[in-house]
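Student: Show me the folded form of this:
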Amino acid sequence: MPNFSITFFNTTIETSNSYADLSTDDNTCNLDHIGTPTHTSSPILKQKSKPFKQNKKQSTVPPLRVLTINFQSMKNKKPEIDEIIDSCQPDVIFGTETWLSNDTSAYEYISPSKYTIYTKNRKDGYGGVLLAITNTLITSHVPELDTDCELIWAKITPTGNKTTYLEHIIDHHQTKGNH
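Tutor: Numbers count the residues shown, from 1 in each chain. The predicted structure follows:
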């Protein structure tokens, strides 16, 4: 076997930069006046011709903080789960691969004082989905939308706003075991 430490690691690599700094006073490329692009991947919002009204009511509903996590078994991971929830402070947790059975509650791993939890476990003890929603939101399970698939539905009904439906599903081709 060749000794790569001599042939590869003792090689000198040229590190000088042959390009000029864009912030120089050279006027060959003035980036301030290049205009708008002819084509973009995102639509350019048109400016409203009406002036902005200061007395317009602005939405006071904060955006939802969402955490998507593949637990690869929640068993024996309570400290890690507590740490990630404390650091991210999500409003909604979409969890996959909980590996919980119907005789094990997700509330053993996620605090019932902070979250309402909806789960769907598999009989073989693998897979499983979890949907945890902060108790500061009004939520409920939507059993009429459940199927035999590995998915769970819940809805959020905020005060004064439209109901939001949340669905969490696992791609059956990526889970362990047979269905």
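
Student: What mean pLDDT does whichever helix in the chain runs longest get?
Tutor: Longest helix in the chain, counting residues (DSSP state H): helix 78-88. pLDDT averaged over helix 78-88 equals 95, rounded to a whole number.

Student: And it, what's buried?
Tutor: 81, 85 (16 or more other C-beta atoms under 10 Å). Where C-beta positions appear, they are placed from N, C-alpha and C, glycine not excepted.

Student: Kindly report the same for stretch 92-112.
Tutor: The neighbour-count check on stretch 92-112 (16+ other C-beta under 10 Å) flags 92-100, 104, 106, 109-110 as buried.

Student: One more: stretch 117-124?
Tutor: Of the residues in stretch 117-124, those with enough neighbours to count as buried (16+ other C-beta under 10 Å) are 117-122.

Student: quick one: contacts of that stretch?
Tutor: When contacts are taken as C-beta atoms under 8 Å, 6 or more residues apart in numbering, the neighbours of stretch 117-124 outside the stretch itself are 98, 100-102, 106-107, 110, 127-133, 141, 146, 150-154, 177-179.

Student: Which of those residues fall in strands?
Tutor: Among those, the subset assigned to strands under DSSP state E consists of 129-133, 141, 151-154.

Student: Who wins on neighbours among these?
Tutor: Ala132 (29 neighbours; other C-beta atoms under 10 Å).

Student: show me the contacts for that one.
Tutor: Counting by C-beta under 8 Å, 6+ apart, Ala132 touches 92-93, 95, 106, 110, 115-118.

Student: try 10 Å this time
Tutor: If a contact means C-beta atoms under 10 Å, 6 or more residues apart in numbering, then Ala132 has 67, 69, 85, 90-95, 106-107, 109-112, 114-119, 139, 154, 168 as its contacts.

Student: returning to that earlier point: list just the nearest of the ones in strands among the contacts of stretch 117-124 to Pro63.
Tutor: In terms of C-beta to C-beta, no member of the ones in strands among the contacts of stretch 117-124 lies closer to Pro63 than Ile133, at 14.6 Å.

Student: Next, the contact list for the closest one, please.
Tutor: If you count contacts by C-beta under 10 Å, 6+ apart, Ile133 has them with 64, 90-93, 115-118, 139-140, 154-156, 166.

Student: Thanks again, I'm all set now.
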